[in-house]
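Asker: Sequence and computational prediction follow.
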Amino acid sequence: MKNYNWATLGCGVIANELAAALKSRGQKLYSVANRTHEKAVAFAEKYGIEKVYNDIDELFKDENVDIIYISTPHNTHIKYLRKALAAGKHVLCEKSITLNSDELDEAISLAEKNHVVLAEAMTIFHMPIYKALLEKVNSGDLGELRLIQMNFGSYKEYNMNNRFFNRNLAGGAMLDIGVYALSFVRMFMSSCPNDVLSQVKYAETGVDEQASILLKNKEEEMATVILSLHAKQPKRGTISFDKGYVEIFEYPRGMEAKITYTADGHCETISAGHTKDALLYEVEDMEKAIEGDKALMHLDYTKDVMKIMTDIRKSWGMKYPEEE
Ligand SMILES: NC(=O)C1=CN([C@@H]2O[C@H](COP(=O)(O)OP(=O)(O)OC[C@H]3O[C@@H](n4cnc5c(N)ncnc54)[C@H](OP(=O)(O)O)[C@@H]3O)[C@@H](O)[C@H]2O)C=CC1
Ligand SMILES: O=C1CO[C@H](CO)[C@@H](O)[C@@H]1O
């Protein structure tokens, strides 16, 4: 496999994890671009990155860059996706990949036109535990899927200026954490849910602080998703089949699942992969996708999840400034 030159656009919390993931395989980021130049310089020094751009637009013109990792706030993704994809760069973009389905459809068209890989950095699609669990599910040992129950409650301080509550930075529970729960649901369901009900509680900025979502697809598989940005809940997923159920904790970066069989109550634990390597798995799958195995990135699921989130926000009448 070719040695790909990765560039990061953004150098906040999660970009540090990407740099660490590359370091763990003996590699460095090729370059860094950031709104605040001094922070890019400090990031480059920390990870021994040779190239720092004076202006973000220089990144898109750099012929040596193969893959751009976008890790800026959600509402800024589309602006950078347009430039990166039009410049013929492969893009791994942090969740949530865009604000809504219209933006995502535009990005997908641009990626197709420029023959590059576009993907959302959704940890769940790449953690080895899910590859192992899906094999188990497909073996038929658990029978037919009936119900999925997802919790995700993260306690964020009530600071209305941070990216979690700020409407101008596309804050809200759905785009920040709901995207994980819904990606999990979509990955295990046989088809995309087409019947969705929900309730919302807004933060004072008008973004969704809490939400509860009920989903059902045409096979009548059902799911519930409960989200909060100001009340801790275990990050727990439960998948119930007619012959047993699966419990998985810390599911965005899960590494262990417990299966309980209904007939006799016996349990089995499956382990695969490691939480600390979550971004490494994304990097590896992205490179394999560029080599030809595009399905590894599950852009089809990303598209379904974005449509669910877009439709739910429409039903609430909740718009971001970019959508007014
Ligand atoms: N996969 C995962 O496990 C995680 C994913 N994420 C996702 O990653 C993304 C970033 O989150 P995180 O790293 O926590 O955020 P941070 O706030 O730590 O970093 C944000 C980065 O975006 C830049 N930025 C902020 N506002 C703008 C703007 N208006 N225009 C351009 N650049 C801007 C900042 O630049 P500056 O230095 O100038 O402020 C900084 O480099 C989000 O999409 C988030 O959902 C986040 C955490 C975990
Ligand atoms: O993606 C992320 C990982 O999980 C955090 C919550 O625990 C989120 O806030 C963050 O954006």
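Answerer: Yep, it's here. Ligands and ions are numbered 1, 2, ... in the order given.
Asker: Moving C-terminal from the helix or strand residue 226 falls within, which element do we reach first?
Answerer: Under the criterion of DSSP states H and E, residue 226 resides in strand 222-228. Remark: after strand 222-228, the chain's next helix or strand is strand 230-233, criterion DSSP H and E.
Asker: That following strand and ligand 2, any residue contact?
Answerer: No - Strand 230-233 stays clear of ligand 2 (CB under 6 Å from any ligand atom), getting no nearer than 9.3 Å. In this view, the C-beta of every residue, glycine as well, is placed from N, C-alpha and C.
Asker: Pull up the pairing partners for that strand, direction included.
Answerer: Using DSSP bridges, the strands paired with strand 230-233 are strand 145-155 (antiparallel).
Asker: For the strand it pairs with, give me every contacting residue.
Answerer: When contacts are defined by CB atoms under 8 Å, 6 or more residues apart in numbering, strand 145-155 is touched by residues 137, 173, 176-178, 180-181, 184-185, 188-190, 219, 221-242, 251.
Asker: PyMOL command to pick out the buried ones of those?
Answerer: Buried residues among the contacts of strand 145-155 (16 or more other CB atoms under 10 Å), as a PyMOL selection:
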select buried, resi 137+173+176+177+178+180+181+184+185+188+189+221+222+223+224+225+226+227+228+229+230+235+236+237+238+239+240+241+251
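Asker: Give me the distance between the strand holding residue 226 and the centre of its chain.
Answerer: Mean-position distance between strand 222-228 and its chain equals 17 Å (CA atoms, centre = their mean, to the nearest Å).
Asker: Okay, angle between that strand and strand 145-155 too, please.
Answerer: Put simply, strand 222-228 runs at 0 degrees to strand 145-155, going by axes from the mean of the first three to the mean of the last three CA atoms, to 10 degrees.
Asker: Who are the packing partners of strand 222-228?
Answerer: Here strand 222-228 touches strand 145-155, helix 179-188, strand 208-216, going by 3 or more CB pairs under 8 Å, 6 or more residues apart in numbering; DSSP states H and E.
Asker: most tightly surrounded among these?
Answerer: Mean neighbour count (mean count of other CB atoms under 10 Å) peaks for helix 179-188 among the helices and strands packed on strand 222-228, with a mean of 25.
Asker: and that helix, does that touch ligand 1?
Answerer: No - on the criterion CB under 6 Å from any ligand atom, helix 179-188 is out of touch with ligand 1, staying 8.0 Å away.
Asker: Alpha carbons of that helix, as CSV, please.
Answerer: Only the C-alpha atoms of helix 179-188 are listed here, as CSV (Å, rounded to 0.1, in the frame of the first residue of the first chain):
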residue,chain,number,x,y,z
VAL,A,179,-25.1,10.6,15.4
TYR,A,180,-23.3,7.8,17.3
ALA,A,181,-26.5,6.2,18.6
LEU,A,182,-28.2,6.4,15.2
SER,A,183,-25.2,5.1,13.4
PHE,A,184,-25.2,2.1,15.7
VAL,A,185,-29.0,1.6,15.2
ARG,A,186,-28.6,1.8,11.4
MET,A,187,-25.7,-0.6,11.3
PHE,A,188,-27.7,-3.3,13.1
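Asker: now residue 127: how far from ligand 2?
Answerer: Distance of residue 127 to ligand 2, computed by CB to the nearest ligand atom, to the nearest Å: 13 Å.
Asker: burial count for the residue nearest to that residue when sequence neighbours are not counted?
Answerer: Distances taken as CB to CB, 6 or more residues apart in numbering put residue 273 closest to residue 127, at 5.4 Å, once the chain neighbours are dropped. Residue 273 is flanked by 20 other residues according to other CB atoms under 10 Å.
Asker: ok, now which ones touch the closest residue to ligand 2 within the stretch 1-150 of the chain?
Answerer: At 6.3 Å from ligand 2, residue 95 is the closest residue in the stretch 1-150 of the chain, using CB to the nearest ligand atom. Neighbour list for residue 95: 120, 121, 122, 175, 179, 180 [criterion: CB under 8 Å, 6+ apart].
Asker: what about the first one, helix or strand, and which?
Answerer: So the one you mean is residue 120. Residue 120 is part of strand 118-121 when elements are defined by DSSP H and E.
Asker: continuing past that strand, what's the next helix or strand?
Answerer: Counting by DSSP H and E, what follows strand 118-121 is helix 128-139.
Asker: for that next one, packing partners?
Answerer: Using 3+ CB pairs under 8 Å, 6+ apart: helix 128-139 touches helix 179-188, strand 244-249, strand 256-261, strand 267-271.
Asker: That one vs strand 267-271, what angle?
Answerer: Interaxial angle, helix 128-139 versus strand 267-271 (the same axes, to 10 degrees): 130 degrees.
Asker: Helix 128-139 vs strand 244-249, what angle?
Answerer: For helix 128-139 against strand 244-249, the angle by the same axes, to 10 degrees is 170 degrees.
Asker: picking that back up, next, the residue of the stretch 1-150 of the chain closest to ligand 2: phi, psi?
Answerer: phi -70, psi 150 (degrees, to the nearest 10).
Asker: what does this protein put close to ligand 1?
Answerer: Counting by CB under 6 Å from any ligand atom, the positions of the chain adjacent to ligand 1 are 10-15, 34-36, 39, 71-74, 76, 94-95, 121, 123, 163, 176.
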